[in-house]
Each structure stands twice: as structure tokens, then as C-alpha cells.
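K.L.:
Structure for this input, please:
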Amino acid sequence: MEGIMQTRRAEVPLLRGLVRYNALIMLVVLFVVSSIMSPAFLSQENLYNLLRQMTPLLFVSLGMLLVINTGGIDLSVGSIAAAGGLLVAMLVPVMPFGGAPGLLLAVVLAVLLGAIFGALNGALVTAFGLAPFIVTLAMMTIARGVTYMMSNGQPTMLPLDLPAADLLNEFGSGTVPFLGVPWPVVLGVVVALLFYFLMNYTTFGRMVIATGSNETAVRLAGISERGYKFCVYVISGALSAVAGIVFTARTGVGTPITGVGLELDGIATCVIGGALLSGGKGSVANTVIGVLVLGLIGNVMNLLSVPVYPQQIIKGVIIVLAVLVQRVGQR
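P.N.:
Next up, the predicted model:
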């Protein structure tokens, strides 16, 4: 009997470790399997392309993480990304001055548009008490409609003969001198580190988690939880616009169909990383791991020439498994 009890005591920490680090374990397993299944996977070109392609999803996922941590959801991120990417492509040719200043102004205005959409989401959720799912679902349709109206349903190409457009294209496809790391990856690392600091070492981050954990307790403590909720939607909208700008920089064109389904991938990365949709639990580090997991799945499937539809099935299965592991951990 004592031997059985000791065995069970030894199994509990092991099980807790598996549950706690399930996203990291999943990432390592996928990395090893991908390396074995495709010899081209470990090539520098493929790894850098993988990281470059995942950068927009990283921005969306970080914004989604903040919203989910407050107990909300943001389904409008894909449409806002399309609006931001299209707006920067339309503004670059008409800026009153060219080069870096013109590009910077166009980027700021595009990010501001994303923040405005996010502010509308936040205002409807906090001031009127509407359900985040309904509000952001409506905003997803509104933002996509605005994007189609802006472009008349047509893609907008970046004119390569303009210095500002050339700078944006260089950012999307170029690499850091002497290092070879793509510029979008560098931006993604900087933003991820910034949000890691924000969530772990600032009052804002702690209050976002507290709002999702026990909103009533925060309110009774005399703290306005509405302000934090409003801010996370604004941040999510701004980051979504940044994601759209990166899409445009990489492809050289802004289209109204950019970011279709991006909201689902953003939710998936947060869930894979251990965030609870009920709020109050979720970390930047694990969300980054979730982004890498989802990116690895798509990358190795593409290398193996697997059609897109089976990829969706595999992604769905992995999301379900991640939720099941969370449920086991809660029990």
C-alpha cells in the first residue's frame, strides 16, 4: 500500500508538469517531427520564411491575449488588419512628402484607424455593457465593409518607383545587415518583449489579469475595470492594423480580403498557450509558443504538399487537445 501511495505521489508532480508545460512540449515534439518528415524544414531559408510569415499572427495574438485575459473576445482583428494594410497602401502614394517621413505618417494613420475600431469595440462593451462576442462580430462585418468601400473591392498595389513604397517593401522582404534576420521578425521580438514586461511587471498587466479573474472584486476594491477593458480593445485594434501593414509590406499589395480567418488563428494560439476563454489566465511567453506551434503545423504541411483542408482539420484537433489538457489541469 505504501508503495502504491508513493507511486501516486510521484505521478502528481509529473502530471502537473505535463499540464503546465504542455504547449512547450507540443512545440518541441512538432519541431522534432517536422525535422524528420521534411529535410528542407531545418534550412535557414525555410526557418526565416516561417518566422516572417508568423509575425502578423503574433501581433494579433498578443492583442487577443489581452482581451481574453479580461474575459472578452475580439472577432474583428482580421477585418481591422485588412483595413490597416489597405490604408497604408493607399496613403503611401499620396503623402505630401516621400521617403521615410511619408511612410511613417502613413503607418501612424493606419495604426490610428485600427485603434479607432478597437475603441469602438471597447466603448460598446464597457459603456453599454454589450457582449464582446456580439460587438466584435458586428465590428468584423463593419470593418470589412469599410475596407471594401475604401478599395471598391480591388487590391491596391504599392508603387515601386516611390521611395516610401520601396522602404516598406524592403522592410517586408529584407533582412538585418550582417545578421540575416528578417526585419518583421525583429519587430515581432521587440513587441513581444515589450508586452512580456507590460504583463509581468506593470500595474496595467496585473489589473488586466485581475479583471478577468474576478471582475467583481476589482470593482469592490474601488478600481475601474471598465478603463482596463477599454484599453485592451484599443491595443488589440492597433496591433491588428500593424499586422495588416506587415502583410502589405511582405506582399507589396493591400487587399480587402487580407486576414480572413485570422481571428480564429489568434484565438487558437492563445488557447494552445494555455489562456482560459473565461479570462484571468494567459501569458505572453505561452502565447508566443502557441504562435510557433500553429506556424509549424502549417509549414510542415506545406513542405509535405498537404492540401489546405486537411491542415484545418489538424489545427482543429490540436486546439481540442489543448483545451482537454487545460480541463485536466483544472481538475
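
K.L.:
contacting residues around the residue nearest to the spatial centre of the chain?
P.N.:
Centroid-nearest residue in the chain, with C-alpha atoms, centre = their mean: Ser61, separated by 2.0 Å. Listed by C-beta atoms under 8 Å, 6 or more residues apart in numbering, the contact set of Ser61 reads Asp265, Gly266, Thr269, Cys270, Thr287, Val288, Gly290, Val291. In this view, the C-beta of every residue, glycine as well, is placed from N, C-alpha and C.

K.L.:
Where neighbours are concerned, which of those residues has the most?
P.N.:
Among those, Gly266 has the most neighbours (other C-beta atoms under 10 Å), with 37 neighbours.

K.L.:
Report the contact partners of that residue.
P.N.:
Leu57, Val60, Ser61, Gly63, Met64, Asp74, Val77.

K.L.:
The residue nearest to Thr258 when sequence neighbours are not counted: neighbour count?
P.N.:
With C-beta to C-beta, 6 or more residues apart in numbering as the criterion, Thr258 has its nearest non-adjacent residue at 4.1 Å, and that residue is Ala82. If you count neighbours by other C-beta under 10 Å, Ala82 ends up with 31.

K.L.:
now swap in Val320 and tell me
P.N.:
11.

K.L.:
Now it: which helix or strand?
P.N.:
helix 308-330 (DSSP states H and E).

K.L.:
and the residue nearest to Thr258, that one's in a helix?
P.N.:
Yes: according to DSSP: H, G, I helix; E, B strand; the rest coil, Ala82 belongs to a helix.

K.L.:
Mean confidence (pLDDT) on the helix or strand containing Gln53, please.
P.N.:
Assigned by DSSP H and E, Gln53 falls within helix 44-69. Averaged over helix 44-69, pLDDT sits at 93.

K.L.:
List the contacts of Ser34.
P.N.:
Ser34 sits in contact with Phe41, Leu296, Asn299, Val300, Leu303, where contact means C-beta under 8 Å, 6+ apart.

K.L.:
Next, the contact list for the residue nearest to Thr258, please.
P.N.:
Ala82 makes contact with Ala143, Arg144, Thr147, Gly244, Thr255, Pro256, Ile257, Thr258, Gly259, Val260, according to C-beta under 8 Å, 6+ apart.

K.L.:
which one of those has the most neighbours?
P.N.:
Neighbour counts for the contacts of Ala82, by other C-beta under 10 Å, peak at Gly244, which reaches 36 neighbours.

K.L.:
Can you list the residue ranges for strands in the chain?
P.N.:
Assigned by DSSP state E, the strands in the chain fall at 156-157, 253-254.

K.L.:
can I get those in TSV with mean neighbour count, mean pLDDT and distance to Arg226?
P.N.:
Rendered in TSV, the data for the strands of the chain read as follows (neighbours: other C-beta atoms under 10 Å; pLDDT from 0 to 100; distance: least, C-beta to C-beta, whole Å):
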stretch	mean neighbour count	mean pLDDT	distance to Arg226
strand 156-157	18	91	37
strand 253-254	22	93	34
